[in-house]
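*Asks:* Mind looking at a prediction? Sequence and model below.
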Amino acid sequence: MRRLLAVALVAAALLVIYCLAGCWMSWNAAKRALAYGYANVAWYPEGTDGWERAMLMTSEAQPEPRPDEGR
């Protein structure tokens, strides 16, 4: 039951997907997330380029490894 609740909470969380301006990979990723059952998906089409043009704060990030990749 806990696992089911955890999966439901993850699927309900806001998932924001972005790339660079003009990059359609983020659009495709957002569509796939919806198809996989995520209900709260936002696509930011201006990407990091638009974010920086709006002079909003950015920070360096690294992707987390998948569970099957280990650490």
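*Replies:* Here it is on my side, so go on.
*Asks:* so what's the backbone phi/psi at the closest residue in space to A30 that isn't next to it in sequence?
*Replies:* Distance criterion Cβ to Cβ, 6 or more residues apart in numbering; nearest residue to A30, sequence neighbours excluded, is W43 at 4.1 Å. From N, CA and C alone the C-beta is placed, and that goes for glycine too. The phi/psi pair for W43 (degrees, to the nearest 10) reads phi -110, psi 130.
*Asks:* can you start the count at 149 instead of 1 from here on
*Replies:* In the new count, where the first residue is 149, that last one comes out as W191.
*Asks:* And W191, how far from K179?
*Replies:* In this view, W191 and K179 are 9 Å apart by Cβ to Cβ, to the nearest Å.
*Asks:* Looking at the two, which one has more neighbours?
*Replies:* The neighbour count for W191 versus K179, taken as other Cβ atoms under 10 Å, is higher for W191 (18 against 13).
*Asks:* shouldn't the more buried one be in contact with L162?
*Replies:* No. Between W191 and L162 there is no contact under Cβ atoms under 8 Å: 11.8 Å.
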